[in-house]
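Colleague: Build the 3D model from these lines:
(2 chains)
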Protein chains: 2
Amino acid sequence: MKTITLAAALLAAPAVTHVPASAQQPSFATAAESDPAKLGWMQGTPPAPDKQIRADGSHYSFPMSRWSFSNWRTLFPTAGLTPATTPSLLPRKLRTDIDALRFTPIGANSPVTWSQSLGLNYTDAILVLHKGRVVYERSFGVTGIDTPHIAWSATKSFVGLLAETLIAEGGLDPEAQATSLIPELAQTGFAGATVRQVMDMTTAIAFDETYGDPTSDISRHALAGGMFTRPPGYKGPDGFLAFLATIGANGTHGEAFTYRTANTDLLGWIVARAGGKPLAQQMQERFWTPMGMAHPASFHLDPVGTPFAGGGLNASVEDLARFGEMVRLNGSFNGRQIVPAAAIAGIRAGADPSKFPAKTYTTLPGWAYRSNWWVAPDGVISARGVHGQAIWIDPRAEVVIARVASHPIAGNVHIDPTSLPAYRAVADHLAGTR
Amino acid sequence: MKTITLAAALLAAPAVTHVPASAQQPSFATAAESDPAKLGWMQGTPPAPDKQIRADGSHYSFPMSRWSFSNWRTLFPTAGLTPATTPSLLPRKLRTDIDALRFTPIGANSPVTWSQSLGLNYTDAILVLHKGRVVYERSFGVTGIDTPHIAWSATKSFVGLLAETLIAEGGLDPEAQATSLIPELAQTGFAGATVRQVMDMTTAIAFDETYGDPTSDISRHALAGGMFTRPPGYKGPDGFLAFLATIGANGTHGEAFTYRTANTDLLGWIVARAGGKPLAQQMQERFWTPMGMAHPASFHLDPVGTPFAGGGLNASVEDLARFGEMVRLNGSFNGRQIVPAAAIAGIRAGADPSKFPAKTYTTLPGWAYRSNWWVAPDGVISARGVHGQAIWIDPRAEVVIARVASHPIAGNVHIDPTSLPAYRAVADHLAGTR
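Modeller: Residues are numbered from 1 along each chain as shown, chains lettered A, B, ... in the order given. Coordinates of the predicted model:
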């Protein structure tokens, strides 16, 4: 039996932030070398001992993560999101000129092709929509265009849009105190924060989102949420919501954006309570059914049945692209107004860029974080998740890109150099401005 | 937090066999009193502590089982079975004369109505097909006609039909030694048994299927398979297949049918190896896709990713009925020959009734156990699972009944008195012979 400690697993995922893109990076097997189909994970009955991947931390270690990110439900309890009886049409007009597109990665001296960038990024599946048509799709390893892949923090943008929808419908007051809705957290660091501050992650809470440190809050958070097998005698908080109750204060709310997943766990709680239904049910009723999602999806559940609002959605890139296209079209999709246009407008308006820590996000100059979405100065908005998950929405170019990946490094600051310029290159190309 | 020990959970489920139907039974809340929707399990974010159901054993204790049998994937790792893109037609011609049908339960003095029997049986959902048309459907509590419910040992009949299919296609020799296919078990009690003996459960293995005893083999088996949270420091076998390697010999193979789930775990292993694909994949490709199954289904996975062949399928009664209808039609369904007719004929031929322990199965006189199916002397064949799961196929009456339930007692010998006469009554009624 492979024995991988939790600490080793967490250390395999260097910090999301606080590491300049230029820093020395550990050396990893290439995408081709780490192809999970080629490596034969979990094949055979039973899989050979050295090919087994378990929920004990091996699942979160590279290169095993290249398999488990596409097989999450086989490792953990999940809530199902059911495809629509009749999936919405996503017409295909595939183009052959995209693979050869060239762009220069951020900080690099020489260009690479789009096709090359997919390997550099450890892409598992990617799909490009232009004016609502699929112009490009590609998948690798054990992942398909139509199979679920964990979206990590791209999940947050679904939750953020649900919150904006409730606000637009009058069911949630963004200026209300978060703890007036969730009195269970009145004695925590969230006391005094507004719903808006939770949505924009400007709360001043003591929560250390350093993925590389097994003693950090995000690591304790993962154990609380059952993202790893808990060690014997585990005495920590039991579930994501119980974890929130352990969070203290650190500063003054509203002063600066600091990326802390705990905010979205709280936002999911707020959405469930304000919307009067469990979060997964709202995802089903608001998005999966009316949008005509095509493929089974799921939500990671903690040991007490709470979906991981901060990062537990598993969906296909085709359905992630549908979601992006709905946002691009101001809430209109599949012949219906899925969410009020005002909900999207609230996100597009962005947040105060002066609250965005430019030094941390060197690849995102001038961006802001609004309602769990990343908003660029040129109107692009994006959902982003560790290890390279993205929904990229470029209204100007009428382009939506959905991408899932299993990059060995968690932090997108390491992945953006070969992905963001690629997205811009393909958008410009499709828009005819390049 | 509710604390329920594994022992308590297991003790809540009296023995499947060895308990005469007439024995004194513990007193349980009625079906109406234990309605899981009314009791409010797992409602709210988070559910109130006394409304939480966890994988720690509370999930297998009545009345919590009435919720968890319909929500298995939210508690455990699962492999998904995907519905067909276009579900097969199951025309509805609902009849209103079934609820009032009367029959006398086995051993009772006065009749009850069909409608009453559904409560007596703790039915969660039931569907009746006559000549391929849905003539009756009903669901209760948190279960729908279209939602998954754990099939328990009715799962075995799917695996048995896969084995018969491989035999009919020449891909599996029923007279081969089981351990020639699975040499990993050469030193176990399965040594010397043929594939046929495994299929008909006439192996002489040391495996005690007493559900009420927390030290019994079936309880150790459940822990090995991750059907309960393992106690701290658990040192037992890791997974269903590892459990098989711990089984010793007890007698001479081929002499008598003894119901032992371990045989089906081995049969699932044989099917995976002989069919060259994982069991869940064969279920998808052989049944779910070509039959046009309509609803998401899943398979419980143990901690090393092995599906629980002996009882881990979760499916809707509508899809269980499709499966039964395919068997009734000798393998033909949805305009295709799903399995060779010879595979069904092999099951219908039955086994030697003299090997069937009449004293144990007082409700099944003259029956036999063949290829993981229960075969009656009048041509009825049935898939059966603890707590009241059933697929009932009556070729003479052209009737198929699929039923899922959460009876507080595991053993069907306690449930048959109010279900088997009901099935026969509705079949006779529909066939016009009553």
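Colleague: what's the spacing between the nearest residue to residue A:401 once chain neighbours are set aside and residue A:376?
Modeller: Distance criterion CB to CB, 6 or more residues apart in numbering or on different chains; nearest residue to residue A:401, sequence neighbours excluded, is residue A:392 at 4.1 Å. Where you see a C-beta, it was placed from the backbone N, CA and C, and this is true even at glycine. Going from residue A:392 to residue A:376 by CB to CB, to the nearest Å gives 10 Å.
Colleague: more crowded one of these two?
Modeller: Remark: of residue A:392 and residue A:376, residue A:392 carries more neighbours, 26 against 19, as counted by other CB atoms under 10 Å in any protein chain shown.
Colleague: Does that one lie in a helix or a strand, and which?
Modeller: Using DSSP states H and E, the element containing residue A:392 is strand A:389-394.
Colleague: What pairs with the following helix or strand past that strand, parallel or antiparallel?
Modeller: For strand A:389-394, the following helix or strand on the C-terminal side (DSSP H and E) is strand A:399-405. Strand partners for strand A:399-405, identified by DSSP bridges, are recorded as strand A:123-130 (antiparallel), strand A:389-394 (antiparallel).
Colleague: Tell me the residues on chain A that lie near chain B, please.
Modeller: A:1, A:42, A:45-47, A:52-55, A:73-80, A:82-83, A:232-233, A:238-239, A:241-242, A:269, A:272-273, A:278-279, A:296, A:301, A:303-306 (CB under 8 Å from any CB of the partner chain).
Colleague: from those residues, which would you call buried?
Modeller: Among these, those buried by neighbour count (16 or more other CB atoms under 10 Å in any protein chain shown) are A:42, A:45-47, A:52-55, A:73-80, A:82-83, A:238-239, A:241-242, A:269, A:272, A:278-279, A:296, A:301, A:303-306.
Colleague: would you list every one of the strands in the stretch 101-250 of chain A?
Modeller: For the stretch 101-250 of chain A, the strands defined by DSSP state E, counting those that start in this stretch occupy A:102-103, A:112-113, A:123-130, A:133-139, A:149-150, A:205-206, A:248-249.
Colleague: looking at those strands, which is buried most?
Modeller: Mean neighbour count (mean count of other CB atoms under 10 Å in any protein chain shown) peaks for strand A:149-150 among the strands of the stretch 101-250 of chain A, with a mean of 29.
Colleague: what's the nearest residue to residue A:81 once chain neighbours are set aside sitting at in phi/psi?
Modeller: Distances taken as CB to CB, 6+ apart place residue A:297 nearest to residue A:81, at 4.0 Å, with adjacent residues excluded. Main-chain torsions, residue A:297, degrees, to the nearest 10: phi -130, psi 170.
Colleague: count of neighbours near residue A:297?
Modeller: Residues within reach of residue A:297, counting by other CB under 10 Å, total 27.
Colleague: Ok, which of the strands of the stretch 101-250 of chain A comes nearest residue B:121?
Modeller: strand A:149-150 (40.2 Å; CB to CB).
Colleague: quick one: contacts of that closest one?
Modeller: A:69-70, A:72, A:124-125, A:143, A:300, A:311-317, A:385, A:389, A:404 (CB atoms under 8 Å, 6 or more residues apart in numbering or on different chains).
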